[in-house]
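Novice: the following comprises the amino acid sequence and a computationally predicted model.
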Amino acid sequence: MEQDDIDEDIDMSDENIMEDMDSKTMKSDEEGSEMGEKIHLNTASKEKLAAIPGVGEKTAQAIIDYRKKKGKFKTIEELANVKNIKEENVQELKKLLTL
């Protein structure tokens, strides 16, 4: 089987809205995030948000939609109000985000 055949078999769509954060290996602030610096929750693009472990394209879009509707996030904990983000996942996301 050639590489092109393998790539065609992979579903590249983001149908999983919010992956289970417990199944992801997240680094602590002391160790740094997988992406280096923290991502600014109020200004990050959809692409930057989607690159966060556990956040896919649909959840990134939900964050942006929430931002447009409600304005800037006042706390990172407010993410729990975004569709498909569970309160327990916010604790892990806090390690990767800033306001």
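Specialist: The structure has been received and is ready for your questions.

Novice: ok, now which ones touch the residue lying closest to residue 83 once chain neighbours are set aside?
Specialist: Closest residue to residue 83 apart from its sequence neighbours, by CB to CB, 6 or more residues apart in numbering: residue 62 at 4.8 Å. From N, CA and C alone the C-beta is placed, and that goes for glycine too. Contact analysis of residue 62 by CB atoms under 8 Å, 6 or more residues apart in numbering lists 17, 82, 83, 84, 85.

Novice: which SS state does residue 62 fall under?
Specialist: helix (DSSP: H, G, I helix; E, B strand; the rest coil).

Novice: now it: how far from residue 36?
Specialist: Distance, residue 62 to residue 36, by CB to CB, to the nearest Å: 24 Å.

Novice: cool, and residue 50?
Specialist: Taken as CB to CB, the span from residue 50 to residue 36 is 16 Å.

Novice: neighbour count winner among the two?
Specialist: residue 50 (17 against 7; other CB atoms under 10 Å).

Novice: and the contacts of residue 62, which of them are buried?
Specialist: Using 16 or more other CB atoms under 10 Å as the burial test, the contacts of residue 62 include 82, 85 as buried.

Novice: from the contacts of residue 62, which is closest to residue 73?
Specialist: Nearest to residue 73 among the contacts of residue 62, counting by CB to CB, is residue 82 at 9.2 Å.

Novice: surely that closest one is in contact with residue 61?
Specialist: No: in this structure, residue 82 is not within contact of residue 61 by CB atoms under 8 Å, at 10.2 Å.

Novice: among the contacts of residue 62, which are in strands?
Specialist: Nothing among these maps onto strands, per DSSP state E.

Novice: restricted to helices, list the contacts of residue 62.
Specialist: Per DSSP state H, helices hold no members of these.
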